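1. Just a sequence and a predicted model for now, questions to come.
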Amino acid sequence: MNVRKYIRSFGYAFEGIVTACKEQNFKSHLLSAGIVLIAGYFTGLSRVEWYIVLILIALMFALEIVNTAIERVVDLASPKMHPLAKQAKDLAAGAVLVFAIFSAIIGLLIFIPKWF
Ligand SMILES: Nc1ncnc2c1ncn2[C@@H]1O[C@H](COP(=O)(O)OP(=O)(O)OP(=O)(O)O)[C@@H](O)[C@H]1O
């Protein structure tokens, strides 16, 4: 395996993460993740609960990055309005929303019994 090429592809992936970080939605996820991590620290989660929280946060970020990639491809392929372009963007955004709703439910199931 070409090590230099391997390292370069890490650089490209990092560029992708930096690009996503500039998106407003991604910043909102960063803020939410920060709040959840601070709440987890003060609430005192078990090891398994931390694993669940970290997996949910990582998947949320990954899904948001994929959503941003889909938005970019749609903008490139269909700069003009098209019903299929709308469906593609709305489906990707819907996937993020579904995951966010279920993550919030799981988060509440973990945190609420510890608070009350
Ligand atoms: N090329 C397009 N054709 C048809 N509908 C589109 C197109 N681009 C965006 N839309 C739709 O317009 C609505 C508003 O999209 P908006 O431009 O606010 O956000 P976005 O394009 O999805 O994301 P971003 O602004 O981050 O690129 C959404 O329902 C989206 O699917």
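-> Okay, I see it. Numbering: from 1, shown residues only.
2. Pass me the low-pLDDT residue ranges in the chain, would you?
-> Per-residue confidence for the chain (pLDDT under 70) gives these ranges: 1.
3. Which positions in it make contact with the ligand?
-> Taking CB under 6 Å from any ligand atom as the criterion, the chain approaches the ligand at residues 71, 78, 81, 82, 85, 86, 89, 90. Quick note: C-beta positions are derived from backbone N, CA and C, even for glycine.
4. can you do 8 Å?
-> For the chain, the residues in contact with the ligand under the definition CB under 8 Å from any ligand atom are 23-25, 68, 71-72, 74-75, 78-90, 93.
5. Can you flag which of those belong to helices?
-> Under the assignment DSSP state H, these contribute 24-25, 68, 71-72, 74-75, 83-90, 93 to helices.
6. between the residues you listed, which is nearest residue 50?
-> Nearest to residue 50 among these: residue 25, at 24.9 Å, using CB to CB.
7. Contacts only, for that closest one.
-> With contacts defined as CB atoms under 8 Å, 6 or more residues apart in numbering, residue 25 is in contact with 64, 67, 68, 96.
8. Work out the gap between stretch 53-67 and the centre of the chain.
-> Relative to the chain's own centre, stretch 53-67 is displaced by 3 Å; criterion: CA atoms, centre = their mean, to the nearest Å.
9. pull the CA atoms of it into PDB?
-> Below are the C-alpha coordinates for stretch 53-67, written out as PDB (Å, rounded to 0.1, in the frame of the first residue of the first chain):
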ATOM      1  CA  VAL A  53     -23.900   8.700  24.100                       C
ATOM      2  CA  LEU A  54     -20.600   8.800  22.200                       C
ATOM      3  CA  ILE A  55     -21.800   6.500  19.400                       C
ATOM      4  CA  LEU A  56     -25.000   8.600  19.000                       C
ATOM      5  CA  ILE A  57     -22.900  11.800  18.800                       C
ATOM      6  CA  ALA A  58     -20.400  10.300  16.300                       C
ATOM      7  CA  LEU A  59     -23.300   8.900  14.100                       C
ATOM      8  CA  MET A  60     -25.100  12.300  14.200                       C
ATOM      9  CA  PHE A  61     -21.900  14.100  13.000                       C
ATOM     10  CA  ALA A  62     -21.300  11.500  10.300                       C
ATOM     11  CA  LEU A  63     -24.900  11.600   9.100                       C
ATOM     12  CA  GLU A  64     -24.700  15.500   8.900                       C
ATOM     13  CA  ILE A  65     -21.500  15.300   6.900                       C
ATOM     14  CA  VAL A  66     -23.200  12.800   4.400                       C
ATOM     15  CA  ASN A  67     -26.200  15.100   4.200                       C
END
